[in-house]
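A.B. asks: here is the input, now give the coordinates:
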Amino acid sequence: MKKMNQKRKRTKIPPPLTISNSPTIASFDTTYFPLLLAAAVRYGPSPPLLRLLLRRLRRQITVTSASHPIPPSLLSLLPLLLSSNSSSVIALTAELAGLASLKSIEQNERIASDNDILKGLILSLASASRKSVEAALNAVMDLCFSSFARERLRAAGIVNQILYILCQENMNSSQDSARGIFGRNKLLNLFLKTVTTLINSSKTDSTDQISSELIQKILPLFSKILKTDSNHELAETIFRLSINTPIPIKLDSNELKSSIFGKNNSKFNDFFSNYWEKSPILLKKGSKNSEENNSIFTSLSNKWRNSDSITDTILQDLISCPPISSDELNINNFLTELTPHSFTSQLITNQDIKTVKTEGPNRKTEIPHSSTPQLITNQDIKTVKTEGPNCKIIKTEGPNLKTVKTKGPNCKIIKTEGPNLKTETHSLTSQLTNNNKIIKTEGPNRKTETHYPINQDYSIQTSKEAFNNKGYSIALKALQVRNDEIALASLALSQMLGLPSIGVNLYLSPRGAQGLAAHFDDHCVLVWQLIGSKFWTVVENPLPVLPRLYDKDEALNDDYNNNENIMGVLVEEGDVLYVPRGCFHEARTDINARCSLHLTFAIEVERPFEWEGFAHVALHCWYKKLKQNSDNFFLNSKFENPNLTFTLLSHISIKLIGDHDSTFRKACLVASNYQIPSQKSIFDQIFSKIDEKSNFLEAFNWIKLVCEKRDEDSFQCLRWLRHLDQNEIIICNLLENLEKYVVPCSGNMDEAKDEFDNFKGCFCKYVVYEDVCVSFGNLLEKYRKVRGQYMKGMLGLHGRY
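C.D. replies: Residues are numbered from 1 along each chain as shown. Coordinates of the predicted model:
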């Protein structure tokens with residue numbers, strides 16, 4: 001008996017249970033459930049029976065058909081099991097939750113809907129057991145199978161929990177490099193993968209749920225990791241976390257205004273009255289009016305001036321900035337359309353950087369050089385077309401190559417026609433790429449513009465060699481999203497002008513060198529000279545109207561060198577030079593200067609923010625007012641919807657006037673922080689011209705022709721109108737509505753003309769300037785929001801937070 005008492009008591013283990021194929025799975029509720037519940041509540045910290053039961057359940061769930069749901073009673077036990085003192089039980093339970101969530105979308109959503117299960121998994125992440133944490137993370141990743149579950153996890157606070165754990169781990173291992181910690185610790189990498197998955201699969205506004213303090217702590221850590229590991233998912237996470245993060249310091253637009261114009265408002269008012277979009281002007285010593293007001297530019301010039309290698313200082317740690325469409329008002333769409341590695345690419349030639357020089361006495365030959373020595377001439381080729389997302393589209397037609405057109409959203413459009421014009425010859429390389437292209441324009445009095453041969457894999461060393469040894473200039477684009485100090489100046493200038501955003505490019509040229517050949521821009525520029533000096537030649541705009549963004553450039557006029565309205569000026573450190581759009585210009589570094597470094601603030605006036613855009617906004621406000629008040633000027637009209645019909649006709653009529661009238665193309669500055677002179681008087685001029693020049697027959701014939709051709713591209717310049725009201729169907733479906741409401745006017749042309757004239761007269765007479773300014777300001781803020789998000793996201797990727 002004593003020996004029997006000394007024998008170890010054995011727990012009786014029930015025979016293996018096979019889960020029934022019945023939809024109710026009754027056997028689980030009658031056999032497994034009571035055993036699991038009893039074992040979880042009664043036994044010690046590591047009950048063998050509980051572990052055994054969970055392992056058998058794991059095996060059974062693995063082989064169970066997805067059509068048979070996991071028993072609800074099992075799901076009800078998961079929170080209790082996840083709170084166990086046993087790390088093995090927690091790990092096994094997390095595995096069960098993960099396996100069950102992968103069975104079907106319905107099962108996944110059932111588990112994600114249980115707050116207690118989610119809470120248990122989140123608490124498990126802080127467990128002292130590596131095994132439990134790893135199992136919990138894997139379960140979370142399995143749950144991320146559905147968008148519903150991801151949203152539920154984010155709402156439960158799991159992102160904050162993981163970010164906090166990563167910050168703590170980084171602090172505990174501060175003596176080691178961030179990359180070293182994560183490289184040796186697979187668990188931390190799993191944390192990283194989980195949090196990037198949750199953040200990158202969400203809408204950008206979900207990051208509002210993360211505390212700004214936590215974001216400020218985690219961004220430096222993520223940036224350190226990214227520098228040594230080009231992880232696109234992590235780069236996108238940095239971008240998303242940064243877009244709602246405030247820039248640490250601010251620059252008031254008053255400071256920038258004083259830096260450019262001084263503290264006397266008379267110079268500011270004189271500039272906008274007499275020079276803005278009309279004539280170039282040198283604002284002598286603009287940045288030296290006040291040392292206090294120029295801390296940003298003083299800081300930049302000193303940092304670059306005192307560096308051992310100015311090219312290293314400027315180009316270090318830069319990555320490519322994928323462009324965002326100018327008409328995109330939803331940052332989520334931009335992120336969805338990104339290609340892999342968009343945020344981790346090195347600088348891309350032409351998109352981000354150019355290395356260029358111009359040579360030759362009084363010649364204007366443009367030669368972007370190729371690194372491929374073997375060329376294939378196109379003497380027998382009549383049509384050549386090259387396309388690509390980041391390259392120009394070149395189309396050459398005609399037996400003698402008399403017509404050349406170059407198109408592209410980020411490049412100039414060049415058009416050369418006629419037998420007596422200078423010949424522009426395209427010599428195609430055997431392997432045509434963005435960088436393997438030779439374009440040569442010949443003729444007397446033309447300079448040679450050469451683009452340095454750069455391979456697809458850009459390197460700083462290549463640009464350094466070109467700058468230091470071969471006389472090439474470096475043109476770096478989009479500084480406003482790469483440098484936080486320049487970003488502040490860009491934002492301040494956009495506020496001062498009442499525009500959505502201002503781009504900033506940097507130009508670095510060696511002694512006596514010229515970068516770009518003579519050209520004109522489709523936007524105004526403010527040139528801020530930081531280091532050295534440069535001699536500029538500027539010719540006033542010879543064109544009858546102001547050029548628009550992305551419109552075709554006119555060929556370089558032979559009268560460029562003979563134009564009487566020409567300004568030659570030496571721009572020295574601290575000077576600000578204003579060059580209006582349409583003015584031909586070129587610049588060469590002073591021979592006495594070591595080098596020249598200047599910033600160019602590109603003041604791009606997009607269609608919505610021209611005065612034509614303001615007129616379209618006014619018309620939209622007028623139409624909405626008619627709808628709200630149920631006003632109808634045409635009680636006996638024969639047309640189905642006369643208010644809508646003549647609103648559409650008026651939009652087209654305004655567009656046609658703007659095609660030829662420079663006043664309509666001017667920048668509308670009503671949203672400026674300051675009372676810029678003559679804005680109300682320009683408003684009066686605009687509506688006087690609409691009343692006078694709007695022509696029913698011209699607008700109708702244009703609409704009829706476009707509808708016959710089904711030419712939706714003709715409406716490209718009006719597509720921004722959809723941003724005024726996303727619910728307004730007439731704006732979102734212009735072609736369909738023109739066909740439905742306007743084209744039928746052909747049966748009653750005389751009556752249609754009379755009613756159109758009546759509608760136009762009332763619109764021009766009763767439109768309220770202040771009301772339109774409000775709607776115009778609302779539209780501006782929509783553009784500013786997404787531009788600001790993009791700016792802060794790219795600054796975050798450049799480690800500026």
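
A.B. asks: from here on, just use CA atoms for contacts and neighbour counts.
C.D. replies: OK.

A.B. asks: for the closest residue to Val89 other than its chain neighbours, what are its contacts?
C.D. replies: Excluding its sequence neighbours, the residue lying closest to Val89 (CA to CA, 6 or more residues apart in numbering) is Arg51, at 6.1 Å. Residues in contact with Arg51 (CA atoms under 8 Å, 6 or more residues apart in numbering) are 88-89, 92.

A.B. asks: what helix or strand is Arg51 on?
C.D. replies: Using DSSP states H and E, Arg51 sits within helix 48-63.

A.B. asks: any buried residues in that helix, and which?
C.D. replies: Judged by neighbour count using 16 or more other CA atoms under 10 Å, the buried positions of helix 48-63 are 49-51, 53-55, 57-58, 61.

A.B. asks: longest helix anywhere in this protein?
C.D. replies: helix 769-797 (DSSP state H).

A.B. asks: let me know the average pLDDT across that helix.
C.D. replies: Helix 769-797 shows a mean pLDDT of 95.

A.B. asks: what do you get for stretch 732-742?
C.D. replies: Per-residue scores along stretch 732-742 average to 84.

A.B. asks: now stretch 537-553
C.D. replies: Rounded mean pLDDT across stretch 537-553 is 83.

A.B. asks: and stretch 124-143, by the same measure?
C.D. replies: pLDDT averaged over stretch 124-143 gives 93.

A.B. asks: how far off centre is it?
C.D. replies: 36 Å (CA atoms, centre = their mean, to the nearest Å).

A.B. asks: list the buried residues of it.
C.D. replies: Buried residues in stretch 124-143 (16+ other CA under 10 Å): 124-125, 132-143.

A.B. asks: farthest-apart pair in these, please.
C.D. replies: The most widely separated members of these are Ser132 and Leu143, with 16.5 Å between them, by CA to CA.

A.B. asks: mind listing the helices for the stretch 601-750 of the chain?
C.D. replies: Using DSSP state H, counting those that start in this stretch, the helices of the stretch 601-750 of the chain run over 611-629, 642-658, 662-665, 679-693, 696-709, 729-732, 734-737, 749-766.

A.B. asks: nearest to Ser104 among those would be which one?
C.D. replies: Once the helices of the stretch 601-750 of the chain are compared by CA to CA, helix 729-732 is nearest, at 38.3 Å.

A.B. asks: His585 belongs to a strand?
C.D. replies: Yes: His585 forms part of a strand when assessed by DSSP: H, G, I helix; E, B strand; the rest coil.

A.B. asks: what's the neighbour count on the spatially closest residue to it that is not a sequence neighbour?
C.D. replies: Spatial nearest neighbour of His585, chain neighbours left out: Val538 (4.4 Å); criterion: CA to CA, 6+ apart. Neighbour count of Val538, defined by other CA atoms under 10 Å: 25.

A.B. asks: am I right that Val538 sits in a strand?
C.D. replies: Yes: assigned with three-state DSSP, Val538 falls within a strand.

A.B. asks: contacts only, for it.
C.D. replies: Applying CA under 8 Å, 6+ apart, we find Val538 in contact with 280, 566-568, 579, 583-586.

A.B. asks: one more pass at 7 Å, please.
C.D. replies: Residues near Val538 by CA atoms under 7 Å, 6 or more residues apart in numbering: 566-568, 583-586.

A.B. asks: now, of those residues, which are buried?
C.D. replies: By 16+ other CA under 10 Å, those give 566-567, 583-586 as buried.

A.B. asks: still on that earlier bit, list just the nearest of the contacts of Val538 to Arg152.
C.D. replies: Distances from Arg152 to the contacts of Val538, taken as CA to CA, are shortest for Cys583 (56.5 Å).

A.B. asks: hmm, Leu543 and the closest one touching each other?
C.D. replies: No: taking contacts as CA atoms under 7 Å, Cys583 lies outside contact range of Leu543: 8.9 Å.

A.B. asks: hmm, back to that, make CSV from the contacts of Arg51 and add pLDDT to it.
C.D. replies: Converted to CSV, those look like this (pLDDT from 0 to 100):
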residue, pLDDT
Ser88, 88
Val89, 87
Leu92, 91
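
A.B. asks: what's the closest of these to Ile474?
C.D. replies: Leu92 (59.3 Å).

A.B. asks: what's downstream of the one helix or strand that closest one maps to, the next helix or strand?
C.D. replies: If you go by DSSP H and E, Leu92 is part of helix 87-101. Using DSSP H and E, the helix or strand that follows helix 87-101 in sequence is helix 105-112.

A.B. asks: report the angle between that next one and helix 87-101.
C.D. replies: Orientation check (axes from the mean of the first three to the mean of the last three CA atoms, to 10 degrees): helix 105-112 against helix 87-101 gives 140 degrees.

A.B. asks: now do the helix or strand that helix 105-112 is followed by: distance to the chain's middle.
C.D. replies: Once the chain leaves helix 105-112, the next helix or strand it forms, by DSSP H and E, is helix 115-124. Averaging C-alpha coordinates over helix 115-124 and over its chain gives two centres that are 37 Å apart (CA atoms, centre = their mean).

A.B. asks: for helix 115-124, give me every contacting residue.
C.D. replies: 78-79, 82-83, 112, 132-133, 136, 153, 158.

A.B. asks: summarise which helices and strands the very next helix or strand once past that helix is packed against.
C.D. replies: Per DSSP H and E, the first helix or strand lying C-terminal to helix 115-124 is helix 130-143. Contact here means 3 or more CA pairs under 7 Å, 6 or more residues apart in numbering; DSSP states H and E; on that basis helix 130-143 packs against helix 87-101, helix 115-124.

A.B. asks: what's helix 130-143 in contact with?
C.D. replies: By CA under 7 Å, 6+ apart, helix 130-143 touches 87-88, 90-91, 94-95, 97-98, 101-102, 108, 121, 124-127, 149, 187, 194.

A.B. asks: what helix or strand is the spatially most central residue of the chain on?
C.D. replies: Centroid-nearest residue in the chain, with CA atoms, centre = their mean: Ile324, separated by 3.3 Å. Using DSSP H and E, Ile324 sits in no helix or strand.

A.B. asks: what about the closest residue to it other than its chain neighbours, how many residues nearby?
C.D. replies: Counting by CA to CA, 6+ apart, the nearest residue to Ile324 once its immediate chain neighbours are dropped is Phe334, at 6.5 Å. Residues contacting Phe334 under the criterion other CA under 10 Å number 16.

A.B. asks: any low-confidence regions in the stretch 401-550 of the chain?
C.D. replies: Applying pLDDT under 70 to the stretch 401-550 of the chain flags residues 401-448, 453-458.

A.B. asks: would you list every one of the strands in it?
C.D. replies: Along the stretch 401-550 of the chain, the segments classed as strands by DSSP state E, counting those that start in this stretch run 403-407, 415-416, 424-429, 438-441, 448-451, 473-476, 503-510, 524-531, 534-539.
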